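Asker: Provided below are the primary sequence and the corresponding predicted coordinates.
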Amino acid sequence: MDFNSPNQLPYFPFDGREFRLEMGLAPLAIENWIEFDGEAGSQLRQRAELLRTDRDQVLQYLDEAEAACLQLNRVLRKHLIQFLPGEVSGRVDEIRVREAGVVLAEPQTGLEALEQLAHLAQEDFCVLSSGDQLRLIAGLVCFPSHWRLAEKIGQTSDEIHSAVPGFQQRLSVPTNAVLEKLLPERPVWRINWTIHDSDTLHTPGPKSFPEGLDANGVLESTWLRIERQTLRRLPETGAVVFTIRTYQQRMADVVRNPLRRERLAIALKSMPEETAMYKGLQAILPLLIEALKHR
């Protein structure tokens, strides 16, 4: 990770090997759970506006999530005060978020606790129930990558990922094992990626690449979108918190780095057809591959 290079994404999940479906989980130092960067002000304002104008789109809550959401809010407040004091001030019961320009008293309900997450961090949050069959019981997702929170609420991990090619055969068992064995003191993280048709962060609907796009213009008209995802179990309720932190960059700027261009090309060339279809890239993939040949 390098937040000091404004012209590069802080994460790049391509290592020069061919495309492969894997969990790619790694241990996460607890102090690195939440990330702030130079986009914090604009993103926090956008999150607040989305909560006001598209509440049902970005927020879903089941009553059983009450205790978990209250605890998540407290854990996040304590984390920000301890590890990101430059971004917040005050106390756990009355915290001020500098870039958001808000002062938040402690929430009185789980729903209020969930809503406040939009002002406290750039990350999106999903809350999974404790127990044998973990289900999505609450979510604050302002920046979805072509999926709708309302369609996923109440579902298990297998149900949420049912459309992912190869998930049931290769990742269902290890994913559920990780979720069941996750310890509060041992969070984990991974990187996910896709390619978007714009730099809009709030994209619940399907992709729509411009018509008439060719290899000459495709790199200027597409964006590499990176999701830094973490999993953390809350100590008292046992609920699992899944966070999604989104970064993106225009493809033309990504491939200015020769090594990144080479590694990205290898991954795109080896992507299975069913994966390209799932990611909505079947039409654009040949153009990207062709464009990378001539850079």
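Answerer: Received the coordinates, thanks.

Asker: so residue 151: helix, strand or coil?
Answerer: Using DSSP: H, G, I helix; E, B strand; the rest coil, the secondary structure recorded for residue 151 is helix.

Asker: how many residues are close by it?
Answerer: 11 (other C-beta atoms under 10 Å). Heads up, the C-betas are built off the backbone N, CA and C, glycines and all.

Asker: same deal with residue 107?
Answerer: 18.

Asker: for it, pull up the helix or strand it's in.
Answerer: For residue 107, there is no host helix or strand (DSSP states H and E).

Asker: so it touches residue 119, yeah?
Answerer: No - between residue 107 and residue 119 there is no contact, the gap being 11.2 Å when judged by C-beta atoms under 8 Å.

Asker: wait, residue 184 touches residue 237, no?
Answerer: No - the pair residue 184 and residue 237 does not pass the contact test of C-beta under 8 Å, sitting 10.2 Å apart.

Asker: more neighbours, these two?
Answerer: residue 237 (18 against 14).

Asker: give me the buried positions along stretch 108-116.
Answerer: By neighbour count with 16 or more other C-beta atoms under 10 Å, stretch 108-116 contains the buried residues 110, 111, 113, 114, 115, 116.

Asker: if I look at the fourth one, what pLDDT would I see?
Answerer: According to the prediction, residue 114 has pLDDT 98.

Asker: which SS state does it fall under?
Answerer: Taking three-state DSSP, the label given to residue 114 is helix.

Asker: check contacts around it.
Answerer: Contact analysis of residue 114 by C-beta atoms under 8 Å, 6 or more residues apart in numbering lists 59, 61, 65, 69, 72, 73, 125, 127, 138, 139, 140.

Asker: excluding sequence neighbours, find me the nearest residue to it.
Answerer: Distances taken as C-beta to C-beta, 6 or more residues apart in numbering place residue 69 nearest to residue 114, at 4.6 Å, with adjacent residues excluded.

Asker: coming back round to it: let's have the contacts of residue 114 in a markdown table, adding distance to residue 93.
Answerer: Output for these, formatted as a markdown table (distance: C-beta to C-beta, whole Å):
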| residue | distance to residue 93 |
| --- | --- |
| 59 | 23 |
| 61 | 22 |
| 65 | 21 |
| 69 | 17 |
| 72 | 16 |
| 73 | 11 |
| 125 | 20 |
| 127 | 22 |
| 138 | 22 |
| 139 | 25 |
| 140 | 21 |
